[in-house]
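Peer 1: dropping a prediction and its sequence here:
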Amino acid sequence: MHEMTYPETPGHRFIDTSMEAAAAIAPKCGRLQRMVLGAITEAGATGITTDEIAMKLNIDRGSVQPRTSELRLMGLIVDSKQRRRNASGVRAIVWTLPEYVEASDG
């Protein structure tokens, strides 16, 4: 029997509160992943940062960041190697679809 693990299910740190949070978000995770992937797809070759996704979807950044990690591990999105400043002024990864990075590489 296959036990589902991250990124198939929300990750946790094997601490009771972390495990409870992961269990609470699990039913919403698929929907949030689809929403985040949709925002990245709509951004096209320009790409989009985690903060930009959160603003576009009107959801908390804390709900977006884990979804980008999951989508990256599934191979659905990639780091474009571009950076843009986020609201804190820190350089942030610009996420995009794999085909846009492959197209620019080749």
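Peer 2: In hand now; what should we look at?
Peer 1: please make it C-alpha for all contacts and neighbour counts, starting now.
Peer 2: Noted.
Peer 1: right, and Leu32 touches Arg67 too?
Peer 2: Yes. If you go by CA atoms under 8 Å, Leu32 and Arg67 touch, sitting 7.0 Å apart.
Peer 1: residues contacting Thr46?
Peer 2: Thr96 (CA atoms under 8 Å, 6 or more residues apart in numbering).
Peer 1: ok so, going back, compare Leu32 and Arg67 and say which is more crowded by neighbours.
Peer 2: Arg67 (23 against 20; other CA atoms under 10 Å).
Peer 1: buried stuff in the helix or strand hosting that one?
Peer 2: For Arg67, the element it lies in under DSSP states H and E is helix 61-73. By 16 or more other CA atoms under 10 Å, the buried positions in helix 61-73 come out as Arg61, Ser63, Val64, Gln65, Pro66, Arg67, Thr68, Ser69, Glu70, Leu71, Arg72.
Peer 1: of these, which is the nearest to Ser88?
Peer 2: Nearest to Ser88 among the buried residues of helix 61-73, counting by CA to CA, is Arg61 at 12.4 Å.
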